[in-house]
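quick one, what's the 3D model for this:
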Amino acid sequence: MSADGQPLIIFVPGLLPKPEREMHREALLRCLLAGVQRIDPDVAAAIEAQPAAFDIVSWTYDFYRTRQDFEDDRAAVEAVIEKSEADERDIAEATSWKRRLTRWIYKLGDRVPFLIPHLANERMELHLRDLTRYLNDVNGIASHTRRMLKAPLLAAAAGENPVLLIAHSMGSVIAYDSLWELSRSSYADMRLDLLLTMGSPLGQSYMQDRLKGADETGAGSYPSNIRHWRNLAAVGDLTALDPTLANDFGEMLELGLVESLEDELLLTHFRLNGQLNVHAEYGYLVNEKTARTIVEWWRGHDVSLSR
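Numbering: from 1, shown residues only. Down below sits the predicted model:
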């Protein structure tokens, strides 16, 4: 854990098995630092100098009971770090008619859920199976997963560490549900300084109907412990079907539950075996817009840096 008062970045990954914890953490941190280094070398150095400044919630091993072999991604991670931004080929693929058609089909499934079994491919069916397992809290796995996130959040609150919580994909659902539960617990006074969601499915109607608080009305529907919320969505990201969350959760602003809620589109360029994966966590973390968010937040809380 970071020293008392020091800023802390916590990352929550999405679905699918991930590499061994420390190997995964190192790869994620390298991507984050590569992006920050291009924007503000002093902030990159400050984060790198504090080993406990970046933590991850490794919930996927308990969920799947298996790990991904990082060697499958190693070359792609090195490549995305080396390359500073999306090129014309990446942009063309992210905006291709095939991807737009697939997006339209997925949106249709979100609006008419009974069509999902007829529209889903094998990969989508696997994701739906895992999502259903979480939403139904099969064998208490969802409750256990949320406890894994709550532990470092509460430890940070006890140490008065300002927290930037980065939640990717399904990790944003876990983060949202965890924060809603904390809002209605004996730790209701805890405040998260910044929630940064990326590649999030929270804009989908299907997901919103199943979030913690979905059966409540007014302020009871939402977490009340988020100061600022920024949402990033990559062009062509099929998980972030609705890339804007400010229109879906705008009532939080009206009720004074959050001080700011912003959406921003970006272009990612992670390629695995030559195939563009705009949704990949590594591509989001190395991105310039992610880096600028981190730099702005870190400089607002690290007293050792001149502002």
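
every contact and neighbour count from this point should use C-alpha atoms.
OK.

pLDDT weak spots in the stretch 51-200 of the chain?
For the stretch 51-200 of the chain, applying pLDDT under 70 flags the ranges 108-110, 112-124.

in it, which spans are helices?
Taking DSSP state H, counting those that start in this stretch as the criterion, the stretch 51-200 of the chain carries its helices at 60-64, 74-82, 88-94, 97-111, 116-119, 122-135, 141-158, 170-183.

list of residues touching the longest one?
By that I understand helix 141-158. Helix 141-158 is touched from outside by 1-2, 8, 12, 57, 59, 63, 133-137, 162-163, 174-175, 177-178, 182, 190-191, with contacts defined as C-alpha atoms under 8 Å, 6 or more residues apart in numbering.

need the helices of the stretch 51-200 of the chain in TSV (columns: mean neighbour count and distance to Ala34).
Formatted as TSV, the helices of the stretch 51-200 of the chain follow (neighbours: other C-alpha atoms under 10 Å; distance: least, C-alpha to C-alpha, whole Å):
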stretch	mean neighbour count	distance to Ala34
helix 60-64	16	25
helix 74-82	17	6
helix 88-94	15	19
helix 97-111	15	28
helix 116-119	14	38
helix 122-135	14	30
helix 141-158	18	25
helix 170-183	23	22
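
for Glu296, which of the ones you listed is the nearest?
Closest of these to Glu296 is helix 141-158, at 19.9 Å (criterion: C-alpha to C-alpha).

that older thread, can I get the helices of the stretch 51-200 of the chain in CSV with distance to Val278?
As requested, those are exported to CSV (distance: least, C-alpha to C-alpha, whole Å):
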stretch, distance to Val278
helix 60-64, 21
helix 74-82, 11
helix 88-94, 7
helix 97-111, 11
helix 116-119, 21
helix 122-135, 16
helix 141-158, 25
helix 170-183, 15
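
so which of those comes closest to Gly35?
Comparing these by their distance to Gly35 (C-alpha to C-alpha), the top pick is helix 74-82, with 7.9 Å.
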